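**Student:** Would you be able to build a 3D model of this:
(chains A and B)
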Amino acid sequence: MDWHQRLRFLSARVAWVGAGFGAAALTGAAGIVVGAVTGRTAWGALLVCLALLAGCAGLAWFWIIVPYNHTERAIRAFLEEYTSHPAQEEQAAISPGTERLLEQARAVMNPSQLFQLNKRQAQYLALQNQINPHFLYNTLESIRSEALIAQLDSVADMTEALASFFRYTISKVENLVSVEEELQNCQTYFRIQRYRFGERLELNVEYDPEDQEEIFRCRLPKLTMQPILENSIIHGTELKIGTGRLTIHLERTQRRLLIRVSDNGIGMDAETLARLNSRLGRGGLSAVREEGETRGGVALVNVDDRIRLLFGSEYGLHVFSIPGSGTDVEITLPAITSDREIPNQEALS
Amino acid sequence: MREEILRLERVTCLEQGVVQLENFNLQIFRGEIMGLLAVNSHGLNTLLGLLRRRLPLQRGYVYYREKQINAWGSEIPGRGPQRIAIIENRSSLVSGMTVADNIFVLRPSFKSWLIRPALLRAQLAPVLEKLGADFSPDDYVDKLTAFQRFVVEMLKAVLGGCRLIVLREVGTFISDADLSRLHEVIRRFAREGVAFLYIGYHFEELREICDRTALLINGTIPKVLLRGEPLFSCGEPYHRLVQAQMERRERPAPGGEAVFQARHITGGMVKDLSFSVRAGECVVLQDLNNQIFGDLLALLTGELPLKEGDFELCGQPFSPAYTRKIAILLEHADDSMLMRELSVLDNLCFTLDHRLPGVWHDARLRRGIEQECGGLLDAKLFQLWPEQLTTAQKYDLVYARILLQKPKVVFCIQPFQGADMELRMRIWNHLERLLGQGIGVVILAVNLADSLSLAHQLVRVHRSAPNEVYSRKDFSTLSSTAPWVDFYQQL
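**Tutor:** Predicted structure coming up:
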């Protein structure tokens, strides 16, 4: 960064104006010393000193105080949650670091992205309002009864699975659930999909039987595994010829819970994989960007964002895949058995 | 509950502005033998650097035994070196000292003021016995074979408290039989809870020993293969090349007179060695103890006197001396066979004086060679110096020089050593081209690896037993760790 660019920052301007005041003081002092030695007033030095003082005062006002006030207003506007404020556009940054911070803040408060987020929330609420859970369960139960009377066991079973799936997805409002509950939901979802794919789809859940109790007690965000399982079916095995094998592998270490959801589907090329992995772990508003909507992988990014917001950036998702060899999605979570162990408690409320 | 020994989480690491590792994820558990198949070597040195010391990360985290030891954008309080041992071709043992001294005395936790050899010997002997080691605690490390050195280094690491041992390309330096023994030792340590990262370039070798195998491609791990899972698309080009090569090789071996013959030669470590090679034929000499190569070349060039036996070149008796009719390619040819002070063109013409005596005086002649070599080398390379070439380009230059030299026979020492999968394919094509030009190729190798699929004949050299000679149809009877042995069985 050259000196011209550096002058955009208030910190650099303060240094320059300070140097100007210093030079004025030195000139004044030199004039006084010369006057005392020679016995004559050093008018020249005094005039230069006064000119420097006036110049520096002017610079301090227009170059430092006024831009600083603008910055202050911008920060106040940001704190008052104004998404767009003229002051946010025109302020000078205090230093390179604060400039980056303000840019980040501006990106977070970007109205178009917030709008996307709000739109999605509104759609979700509208959907939730349309579905009266009790009405839905009662209807599904009626269908099940009719099916049983008509001896249509498969329809009855399917209806029951669908009711269980909705009950878990819509009704349970807790943020964290146990691994056991999440696995049950995955099994229910798989049962429903099995009616569509038949014998073409297999699901295996693997874990060390000795660790079963400890693994099942662990807590994780609701709907962590099911969207990934759904992704594996839709993007992995649906397009594959032959049997699609899905595996959920659970592993527990002292501090971590490791879940691997694998499929033996078509896999993905190196470029797609690199793009997907770079989107995971990026955090912020990546899930609501247009890129996310058009190119798939929304579910993965969404699950990854939720995990990172709750537990920190060292946890989340990572995808492994090569064409023709299937895809593995590895989920890393902290091994917690109580909601009180979550570092970011506020995110739950 | 499994114990996690090493975890690299979304690591992105740059060196001199070049991304070496990108979104790199790897985890190794206690007692696990994790393979790392380097499809290409990009990022491999950075990975080992990360395990040795705390390199600055662009992104990601590194954990050792579930404790964070490195993270992006943060200062981790200074810690001593991690207890991770890295074993590679270069020995980390101190020469001039015994096995026991290397293992115990040089250990950081060795606090004793007096060294009591008898005590050290008594402590080490049962451990060595348990491992089935064929050396004693009092042996000097300089006298150990490659296999024995690997065992000592592993033992030193384990007794020094290392929970993770990285083995880099060990299969290249030891014979198949020793490799099987080494695998046994590794499995024994793994059962005791030591984790291994086994880095290799051959899936067949890794498949034998590793619980899981991660593929390393361009500084990232796109896939981790579980035991029994096949190698998919990334290994296919190489396998296709090998298979096509093998089908071509099924044609009968070139006939005619031998261009080079060694009859019962003895001298230095070489004892009663006989072999012959015809034009366009490839013979692999496998030294199961990795001891004769230096002496064999010295016998060939006359640096070491022949005690018994004789050589024959093109049907005439050959007195050992340097000659342009015999070319020698040393290990790591990209480094050992190029003169850095000479330009690319001068390097290319270096062994042409027997065919074009005026090559060093006539600049026009050299420019003519430059133009004529368009098919062999990229024209842009002539503007560069050897140091500016990539590894692959250096190999191209070395093999182009051999082609121009047109020797009757080429002796290649471990031509594939240190090369990743992509480079192996390139070297393979170069050797194939030499054979196609009617040049006899003698490959001197410890581990058969890729060499075998090029070979028409294999000579196994033993220290105390008669040498074994295998023709191509007998290759299927070799050990199952030999790469592509399935192909031979199918053919």
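
**Student:** Quick one: check the helix or strand that B:Leu8 is a member of for contact with chain A.
**Tutor:** Here B:Leu8 sits within strand B:4-15, counting by DSSP states H and E. Yes. Residues of strand B:4-15 are located near chain A by C-beta under 8 Å from any C-beta of the partner chain, namely B:Glu4, B:Glu9, B:Arg10. (C-beta placed from N, C-alpha, C; glycine too.)

**Student:** Check the gap between the second one and B:Arg59 for me.
**Tutor:** With distances defined as C-beta to C-beta, to the nearest Å, the gap from B:Glu9 to B:Arg59 amounts to 9 Å.

**Student:** I'd like to know how many residues surround B:Glu66.
**Tutor:** 14 (other C-beta atoms under 10 Å in any protein chain shown).

**Student:** Give the full set of residues in contact with it.
**Tutor:** The contact partners of B:Glu66, taken as C-beta atoms under 8 Å, 6 or more residues apart in numbering or on different chains, are A:Thr253, A:Gln254, A:Arg255, A:Arg256, B:Glu3, B:Glu4, B:Arg7.

**Student:** Show the buried residues in those.
**Tutor:** A:Thr253, A:Arg256, B:Glu4, B:Arg7 (16 or more other C-beta atoms under 10 Å in any protein chain shown).

**Student:** Could you export these to CSV, including columns for pLDDT and distance to A:Leu220?
**Tutor:** Converted to CSV, the buried ones among the contacts of B:Glu66 look like this (pLDDT from 0 to 100; distance: C-beta to C-beta, whole Å):
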residue, pLDDT, distance to A:Leu220
A:Thr253, 93, 15
A:Arg256, 94, 12
B:Glu4, 94, 18
B:Arg7, 95, 19
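
**Student:** quick one: which of those residues is nearest to A:Glu210?
**Tutor:** Of all the buried ones among the contacts of B:Glu66, A:Glu210 sits closest to A:Thr253, with 13.7 Å by C-beta to C-beta.

**Student:** Let me see the contact set for the closest one.
**Tutor:** A:Ala335, B:Met1, B:Arg2, B:Glu3, B:Glu4, B:Phe29, B:Glu66.

**Student:** B:Ser471 contacts B:Gln457, doesn't it?
**Tutor:** Yes. Applying C-beta atoms under 8 Å, one finds B:Ser471 in contact with B:Gln457, separated by 6.0 Å.

**Student:** Leaving out sequence neighbours, find the closest residue to A:Leu258.
**Tutor:** Excluding the flanking residues, the one nearest A:Leu258 by C-beta to C-beta, 6 or more residues apart in numbering or on different chains is A:Glu251, at 4.3 Å.

**Student:** now B:Leu300
**Tutor:** B:Pro320 is the one closest to B:Leu300 (C-beta to C-beta, 6+ apart), at 5.8 Å.

**Student:** Please point out which parts of the strand holding B:Leu8 sit buried.
**Tutor:** Quick answer for strand B:4-15 (16+ other C-beta under 10 Å): B:Glu4, B:Ile5, B:Leu6, B:Arg7, B:Leu8, B:Glu9, B:Arg10, B:Val11, B:Thr12, B:Cys13, B:Leu14.

**Student:** Over to stretch B:186-206?
**Tutor:** B:186, B:189-190, B:194-206.

**Student:** Show the pLDDT at the nearest residue to A:Gly316 once chain neighbours are set aside.
**Tutor:** Of all residues not flanking A:Gly316 in the chain, A:Asp304 sits nearest, at 4.6 Å (C-beta to C-beta, 6+ apart). If you check A:Asp304, the pLDDT there is 89.

**Student:** and A:Asp304, what does it touch?
**Tutor:** Counting by C-beta under 8 Å, 6+ apart, the residues that A:Asp304 touches are A:Leu280, A:Gly281, A:Gly316, A:Leu317.

**Student:** and it, that one's in a helix?
**Tutor:** Yes. Using DSSP: H, G, I helix; E, B strand; the rest coil, the assignment for A:Asp304 is a helix.

**Student:** ok, now how distant is it from chain B?
**Tutor:** Distance, A:Asp304 to chain B, using C-beta to the nearest C-beta, to the nearest Å: 11 Å.

**Student:** what's around A:His249, how many residues?
**Tutor:** There are 16 residues near A:His249, going by other C-beta under 10 Å.
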